[in-house]
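# Provided below for reference: sequence and predicted model.
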Amino acid sequence: MGELILCKRPIAATPYFIDELSLNIYSLEELSYYVSHNVYLLNSSFSNMDLCRWIGKELDMKDLEAELVHLIQENTPLHIFVGHILTACGYLTASEIKQVMDVIATFENKSEAECKKIRGDRLMEKQRIVDAIYEYENILDGDLEMTKSFEGNVYHNLGTAYCRLFFFREAASCFEKAYLSNHNTGSLRSLLYAYLCSGDNDGFDHAVTRFSIPEADVETVRSTVDGIFHNSAITNFSDMINQMRVDYRDPLVYQQKLQEIVNEWKIDYNRLCRI
């Protein structure tokens, strides 16, 4: 069931279009909802004259329009600009508004690359994996200033995102680039994990030789992956499938039950791939 937003102010005849999500906004309450649920996607472009004019014309809030225009002219920080909108609406509580403003303020003292990485990390936390991948790749493909260590950390997180979608070969490539830039042993171990999960034993052996990984570390990685493949959740699932063969002797019924399980997996995977 969707969430119902009670709008106490006028509904716009012409919506305000949010490019990042291809979303039409029809009220100040909807705008507040968008801001509070997508705070990590906001950047300086959110503070613009088009938004101010839309608030004044479509929502008939001339005083707020004038207030926001003045803030833009004074080069006021984004978190203050957003705070004025949220306060004028009253959709969020005072503590919720402060929390949103505090989050936005953390971006304002960081470089563009750092801000994009934070957004990518938060998208990962929200299970918006594909959006996070786009954000990380945008950092790496752009002309942004960053240290080699920072670049390596972005590659590492990009590799983690690919792993979430079971793209282990792509992940391995990212983890290798990460290690070459940040020299972090965590990225090196992740490279080995990605090779094993993809079934690429040649790639695994090549990485061990190329980076002179100690045998003890190699065995730790192999043992960890082997433990995952043989944990109770997987063995219990295997036992359940075998029991299904006994319970559903009719091949058509058995296939139907298997398909139901696969369909649930598809739903979960599509959720991770949503944009």
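Here it is on my side, so go on. Because the structure is a prediction, the values reported are computed rather than measured.
# How about residues contacting stretch 83-92?
Identification of contacts with stretch 83-92 by CB atoms under 8 Å, 6 or more residues apart in numbering yields 5, 8-9, 28-29, 31-33, 35-36, 55, 61, 64, 67-68, 71, 97, 100-101. Where C-beta positions appear, they are placed from N, C-alpha and C, glycine not excepted.
# if you set the cut-off to 6 Å instead, what comes out?
28, 29, 32, 36, 64, 97, 101 (CB atoms under 6 Å, 6 or more residues apart in numbering).
# Name the residues of the host helix or strand of residue 178 that are buried.
Per DSSP states H and E: residue 178 is located in helix 168-182. Using 16 or more other CB atoms under 10 Å as the test for burial, helix 168-182 gives 168, 170-179, 181-182.
# what does stretch 247-254 give?
Quick answer for stretch 247-254 (16+ other CB under 10 Å): residue 254.
# what's the average pLDDT for it?
The average pLDDT within stretch 247-254 is 87.
# who touches that stretch?
residue 257.
# Just the CA trace of it, in CSV.
The C-alpha coordinates for stretch 247-254 follow below in CSV (Å, rounded to 0.1, in the frame of the first residue of the first chain):
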residue,chain,number,x,y,z
ASP,A,247,6.6,-34.7,-1.5
TYR,A,248,5.7,-33.8,-5.1
ARG,A,249,6.2,-36.9,-7.1
ASP,A,250,4.3,-35.4,-10.0
PRO,A,251,7.1,-33.8,-12.1
LEU,A,252,4.7,-31.0,-13.2
VAL,A,253,3.9,-30.1,-9.6
TYR,A,254,7.5,-30.3,-8.6
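# mind listing the helices for the protein?
Using DSSP state H, the helices of the chain run over residues 28-37, 49-57, 62-73, 78-89, 94-108, 112-125, 129-141, 148-164, 168-182, 185-198, 201-210, 215-229, 232-247, 251-273.
# orientation of the first one relative to helix 49-57 in degrees?
Using axes from the mean of the first three to the mean of the last three CA atoms, to 10 degrees, the direction of helix 28-37 lies 150 degrees away from that of helix 49-57.
# hang on, the earlier thing: TSV for the contacts of stretch 83-92, including distance to residue 142 and neighbour count?
Formatted as TSV, the contacts of stretch 83-92 follow (distance: CB to CB, whole Å; neighbours: other CB atoms under 10 Å):
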residue	distance to residue 142	neighbour count
28	33	26
29	35	19
32	31	24
36	28	17
64	34	19
97	32	22
101	27	19
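# Out of these, flag the one nearest to residue 132.
residue 36 (19.8 Å; CB to CB).
# tell me the contacts of the closest one?
By CB under 6 Å, 6+ apart, the residues touching residue 36 are 92, 100.
# May I have the phi/psi pair for residue 61?
Here is the backbone geometry of residue 61 (degrees, to the nearest 10): phi -120, psi 70.
# Distance check, the nearest residue to it once chain neighbours are set aside against residue 187.
Distance criterion CB to CB, 6 or more residues apart in numbering; nearest residue to residue 61, sequence neighbours excluded, is residue 55 at 5.2 Å. Residue 55 is 46 Å from residue 187, where distance means CB to CB, to the nearest Å.
# And residue 154, by the same measure?
Note on residue 154: its distance to residue 187, by CB to CB, is 11 Å.
# More neighbours: which of those two?
Using other CB atoms under 10 Å, the more surrounded residue of residue 154 and residue 187 is residue 154, with 27 against 23.
# so that one sits right up against residue 138, yeah?
No - with contacts counted by CB atoms under 6 Å, residue 154 stays clear of residue 138, the gap being 10.0 Å.
# returning to what we had before: now the helices of the chain as TSV including distance to residue 19?
Shown next, in TSV, are these (distance: least, CB to CB, whole Å):
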stretch	distance to residue 19
helix 28-37	12
helix 49-57	11
helix 62-73	18
helix 78-89	16
helix 94-108	18
helix 112-125	15
helix 129-141	14
helix 148-164	23
helix 168-182	27
helix 185-198	34
helix 201-210	40
helix 215-229	41
helix 232-247	42
helix 251-273	21
